[in-house]
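# sequence-free structure coming up:
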Ligand code: PLP
């Protein structure tokens, strides 16, 4: 099997697994218990939270643990909107967002919030002029992903933050799920930022929301004590330890891993471009880990299935929305519905080998020739 779907999920790093198991074995108490075992668990919880905060250059009190990025996005988007109702009900976002942002916005829309979506240019980036025009005094939230999961486009968060700063009642939420470990994070002017460990070789079931100190949001879970009033539930110490271990490795190794992925990316893209019906949808400026491709005239789902039969795992749209609809992100960059329907995604990692790239190219060649009846 050749796994090229690292954007959907990464395998857990053995170091992360070891850190999780060691913490689970060592600390048996609830960190909120006041007895000695609870105090020890609390001390460890505080230590890892400080470490995570330090990696991000923020304060420990600004970290809210969640079950993953979907929950963190729900908490940020709904929590900000509900807490800022008295200021306004206008929200700006994009078509590139993960469904946990998009669906949260739909829920808010039913509660009479007004949602505007930013246009995406041919380069995959949001239109900053349009953002400038749309921002108004009753805009309470701008929600933009740092890197989208389908194309890998890196959004200009710094510039967006500059514009949002001009509106004191407006908050900026950044979904950094696909950015951590792939590209540098920008936090100045960002009010909330979500991420999840299973995208950077951590465990499934743990993510976090950075929430700027002093910002009030409405919690989405009622009852139960935690490390924060913003998300209840017994603190998940072992998972928090594993998140710290995964984040430490992802950030320390980011430059070296990305350089390695870039080499594989360039080789892959050069080989794919030799086929006349291949279109690379990811913009030049995208992170090298994500390569969105179309083979003209062949539905993405069909190509993906054909590759799967050859033992190659790639994905169509995001793993979370396999509804057979054309990709909005690919439509945005190509303005071509049929091309969007033909698109699928290869995602590579520093764990991807030269042999796997070679194996993928052979499988691709077979599928291409069979499905298109063309030689190249
Ligand atoms: N945001 C983005 C950009 C994603 O790619 C994903 C997962 O694919 C999520 C959020 C959801 O993350 P989780 O699976 O941790 O809920």
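Arrived safely, thanks for sending. Treat the numbers as computed from the prediction; the structure is a model and nothing was measured.
# CA atoms for contacts and neighbours, from now on please.
Noted.
# mind checking which helix or strand residue 174 is in?
Using DSSP states H and E, the element containing residue 174 is strand 171-175.
# Average pLDDT for that strand, rounded please.
For strand 171-175, mean pLDDT rounds to 98.
# next SSE after that strand?
Remark: after strand 171-175, the chain's next helix or strand is strand 192-196, criterion DSSP H and E.
# contacts for the strand holding residue 174?
Applying Cα atoms under 8 Å, 6 or more residues apart in numbering, the contact partners of strand 171-175 are 69, 73, 76-77, 80, 140-147, 157, 161, 164, 189-195.
# so which of the residues you listed are also by the ligand?
residue 69 (Cα under 6 Å from any ligand atom).
# Give me the buried subset of the contacts of strand 171-175.
Buried members of the contacts of strand 171-175, counted by 16 or more other Cα atoms under 10 Å: 69, 73, 76-77, 80, 140-147, 157, 161, 164, 189-195.
# how about residue 235, what does it touch?
The contact partners of residue 235, taken as Cα under 8 Å, 6+ apart, are 30-32, 226-227.
# Point out the least confident one among those.
Across the contacts of residue 235, the smallest pLDDT goes to residue 226, namely 79.
# Around that residue, count how many other residues there are.
Applying other Cα atoms under 10 Å, we find 18 residues neighbouring residue 226.
# Identify the residue nearest residue 294 in space, chain neighbours excluded?
residue 343 (4.2 Å; Cα to Cα, 6 or more residues apart in numbering).
# Report whether the expected contact of the one you found with residue 302 is present.
No: look at residue 343 against residue 302 with Cα atoms under 8 Å: they stay out of range, at 10.2 Å.
# Are there helices or strands packed against the lengthiest helix in the chain, and which ones?
In the chain, with assignment by DSSP state H, the single longest helix is helix 36-56. If contacts are counted by 3 or more Cα pairs under 8 Å, 6 or more residues apart in numbering; DSSP states H and E, helix 36-56 sits against helix 237-252.
# Let me know the pLDDT of residue 248.
Confidence for residue 248, expressed as pLDDT, is 98.
# rewinding a little: name the residue in residue 343 and residue 302 with the higher neighbour count.
Counted by other Cα under 10 Å, residue 343 and residue 302 do not tie: residue 343 has more neighbours, with 30 against 15.
# dump the residue contacts of the more buried one.
Residue 343 touches 281, 292-295, 299-300, 316-317, 327, 330, counting by Cα under 8 Å, 6+ apart.
# Helices - which of those land there?
Within the contacts of residue 343, membership in helices is found for 300, 330, as judged by DSSP H.
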